[in-house]
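Trainee: just coords:
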């Protein structure tokens, strides 16, 4: 399984403390507000907002938090946020993409650069590692959505590009521009997905040992703890025994 999926599984196993859940809900709310501000406040008429709301629901974000985030866009909030992507190398030469949404570009850039420097990494220029990733849509279903063949056929019919099935579930990939269309088609065949979002999918991976993974996790944890950082993606690969030891 690819590194970003393993990282999600680690986070799921570790669980989230209340403070971390609150921070996660805050970041999801920010995405909802900005998405609603950029288009129609009705999720059915705004694909980006629909996906943002869907992702918030998948994270068990309360309905009132989602509704409040949409109302903020109508009230004029969200104008000040700027979407920025940072790229660099983490411990062991792992490529890292940091997606941020900020109202102060200088503050965020300074913080992100500091996080990399203090955790064995190096912040690079935009494009320095982006060529190692592809922008894709990712739709995740639990194992009970169906067997591998059933999900594969549904994905093909929906216009998806690839499917990875395992005991943990099904991960369906599609072109980034097709995510809303493919996700909607799959809902009709397989029901509600566990997660639907745009990702940076690694085209190559860097193998990590236990010590390297521990250092990388510290960097990613530090980045994700910043209020301006929305998502962090790294192109690592680690053996199952290394993942289990974390």
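Mentor: Structure received. The shown structure was predicted, so the numbers you read here are calculated from the model rather than taken from an experiment. Numbers count the residues shown, from 1 in each chain.
Trainee: okay, helices next: where are they in the protein?
Mentor: 3-14, 18-38, 47-58, 63-74, 105-118, 148-158, 179-190, 210-224, 240-245 (DSSP state H).
Trainee: from residue 115, how far out is the residue lying closest to residue 44 once chain neighbours are set aside?
Mentor: Leaving aside its chain neighbours, residue 44 sits nearest to residue 50 (6.8 Å; criterion: Cβ to Cβ, 6 or more residues apart in numbering). The way it works is simple: take the backbone N, C-alpha and C, and place the C-beta from them, glycine included. For residue 50, the distance to residue 115 (Cβ to Cβ, to the nearest Å) stands at 32 Å.
Trainee: and the two? which has more neighbours close in?
Mentor: Legend: neighbour count by other Cβ atoms under 10 Å for residue 50 and residue 115, higher for residue 115 (25 against 19).
Trainee: and that one, what pLDDT?
Mentor: pLDDT recorded at residue 115 is 97.
Trainee: and residue 239, by the same measure?
Mentor: You'll see residue 239 listed with a pLDDT of 65.
Trainee: and what of residue 208?
Mentor: 85.
Trainee: with the one 5 residues further on instead?
Mentor: Listed pLDDT for residue 213 reads 89.
Trainee: repeat for the one 3 residues further on
Mentor: Residue 216 carries a pLDDT score of 93 in this model.
Trainee: circling back to that earlier point, verify the contact between the residue nearest to residue 44 and residue 40 for me.
Mentor: No. Checked against Cβ atoms under 8 Å, the pair residue 50 and residue 40 is beyond contact range at 10.0 Å.
Trainee: nearest residue to residue 137 other than its sequence neighbours?
Mentor: The shortest distance from residue 137 to any non-neighbouring residue, by Cβ to Cβ, 6+ apart, is to residue 179 (3.0 Å).
Trainee: and that neighbour, how far from residue 119?
Mentor: Note on residue 179: its distance to residue 119, by Cβ to Cβ, is 32 Å.
Trainee: quick check: domain ranges of this structure?
Mentor: 3-74, 82-131+204-245, 132-202 (automatic domain parsing).
Trainee: just to revisit the earlier point, nearest to residue 200, out of the helices of the chain?
Mentor: Among those, helix 3-14 comes nearest to residue 200, with 7.8 Å by Cβ to Cβ.
Trainee: returning to what we had before: between residue 179 and residue 119, who's got more neighbours?
Mentor: Applying other Cβ under 10 Å to residue 179 and residue 119 shows that residue 179 carries more neighbours, namely 23 against 18.
Trainee: can you verify my assumption that that one contacts residue 193?
Mentor: No. Taking Cβ under 8 Å as the definition, residue 179 is not a contact partner of residue 193, at 11.0 Å.
Trainee: so what sits against both of these two?
Mentor: Shared contacts of residue 179 and residue 193, defined by Cβ atoms under 8 Å, 6 or more residues apart in numbering, comprise residue 139.
Trainee: check the domains of the chain for me: which has the lowest mean pLDDT.
Mentor: The weakest mean pLDDT among the domains of the chain belongs to domain 3-74, with a mean of 80.
Trainee: dump the residue contacts of residue 29.
Mentor: Counting by Cβ under 8 Å, 6+ apart, residue 29 touches 56, 61, 65-66, 68-69, 72.
Trainee: again with residue 142
Mentor: Contacts of residue 142 by Cβ under 8 Å, 6+ apart are 169-170, 194.
Trainee: which of the contacts of residue 29 are buried, as a PyMOL select command?
Mentor: Applied in PyMOL, the following selects the buried portion of the contacts of residue 29 according to 16 or more other Cβ atoms under 10 Å:
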select buried, resi 56+61+66+69+72
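Trainee: using TSV, lay out the contacts of residue 29 together with distance to residue 20.
Mentor: Shown next, in TSV, are the contacts of residue 29 (distance: Cβ to Cβ, whole Å):
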residue	distance to residue 20
56	15
61	13
65	15
66	19
68	20
69	19
72	22
